[in-house]
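> Any chance you can model this:
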Amino acid sequence: PGGNLRDIVRERLVAVMKEVRTASGMKVVVLDKPTVKVIGAACRLFDIMEEGVLLVEDLDTDRQPIPTMEAIYIVAPVESSVKRIIADFEKPKYLAAHVYFTWRLSNELIYTIKRASGLVERLRTCRELNFDFLALEAQGFSLGMDEAFFTLYSPNSDRRAAACSQMAEKLLTLCVTLGERPFVRYKKARA
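Now for the predicted structure:
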């Protein structure tokens, strides 16, 4: 437990690249916008490219098919990203898919993936990485929630409960990444 947070995240990302073995030894990495921020905070593009990655592409752009290569998708578990991955395999752009989600995948999205026969046929890996935070320094991180302070303390905010839930999920991914089991203490509200 503990250690340099950026190194931990970098090592886990490199381990993902090494874990995916292809016949040619080369692979394509496809990232969505939130994941670009997460990975960019923890490591350099060189760290990923050094592990047999030929190309790093943006999930949200139109990409040329490379039907002879396997793709590693590292994406946020949101409906728009899942739909883009499914669309990539309706008329397959890649030989196979290794899908890594940055945090917990909802049951609804699991069922969406399960019903996508084109993707399921070529799906080799589907895992959660628990990286829903930005590892900015060795012992510093950000939850990437720029509006959180206003949302939590504004008397007119109707999103307070949702923001607290989102923060808790993000902190959970940090604790899992660090291998920590925190003790949470709080003062009971008066009735």
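> center of the protein - which residue?
The centroid of the chain falls nearest to Thr102 when counting by Cα atoms, centre = their mean (2.1 Å).
> nearest spatial neighbour of that one, skipping sequence neighbours?
Phe131 (4.7 Å; Cβ to Cβ, 6 or more residues apart in numbering). Yep, even glycine has a C-beta here, placed from its N, CA and C like the rest.
> ditto for Cys175
Pro182 (5.9 Å).
> my read is that neighbour is in a strand, agree?
No. Under DSSP: H, G, I helix; E, B strand; the rest coil, Pro182 sits outside any strand and is assigned coil.
> That one: neighbouring residues, count only.
As a burial measure, Pro182 scores 10 neighbours (other Cβ atoms under 10 Å).
> The chain: strands as residue ranges?
27-31, 53-58, 66-75, 94-101, 123-128, 134-135, 141-142 (DSSP state E).
> could those strands go into CSV alongside distance to Ala87, mean pLDDT and mean neighbour count?
Shown next, in CSV, are the strands of the chain (distance: least, Cβ to Cβ, whole Å; pLDDT from 0 to 100; neighbours: other Cβ atoms under 10 Å):
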stretch, distance to Ala87, mean pLDDT, mean neighbour count
strand 27-31, 12, 96, 24
strand 53-58, 14, 94, 15
strand 66-75, 12, 95, 20
strand 94-101, 12, 97, 22
strand 123-128, 14, 96, 15
strand 134-135, 28, 88, 23
strand 141-142, 31, 89, 17
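> Of all the ones you listed, which one comes closest to Leu5?
Relative to Leu5, the nearest member of the strands of the chain by Cβ to Cβ is strand 134-135, separated by 4.5 Å.
> what helices or strands is that closest one leaning on?
helix 5-19, helix 33-42, strand 141-142 (3 or more Cβ pairs under 8 Å, 6 or more residues apart in numbering; DSSP states H and E).
> quick revisit: measure the residue nearest to Cys175 to Trp103 for me?
17 Å (Cβ to Cβ, to the nearest Å).
> which residues are in contact with stretch 18-30?
Contact partners of stretch 18-30, identified using Cβ atoms under 8 Å, 6 or more residues apart in numbering, comprise 17, 48, 51-59, 63, 66, 68-75, 88, 94, 98, 124-125.
> Output the lowest mean pLDDT helix or strand found in the protein.
helix 148-153 (a mean of 84; mean pLDDT, DSSP states H and E).
> could you dump that helix to PDB, C-alpha only?
What follows is helix 148-153, C-alpha atoms only, in PDB (Å, rounded to 0.1, in the frame of the first residue of the first chain):
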ATOM      1  CA  ALA A 148     -17.700  20.500  -7.000                       C
ATOM      2  CA  PHE A 149     -17.100  23.300  -4.500                       C
ATOM      3  CA  PHE A 150     -20.000  25.400  -6.000                       C
ATOM      4  CA  THR A 151     -22.300  22.300  -6.200                       C
ATOM      5  CA  LEU A 152     -21.700  21.300  -2.600                       C
ATOM      6  CA  TYR A 153     -21.900  24.700  -1.000                       C
END
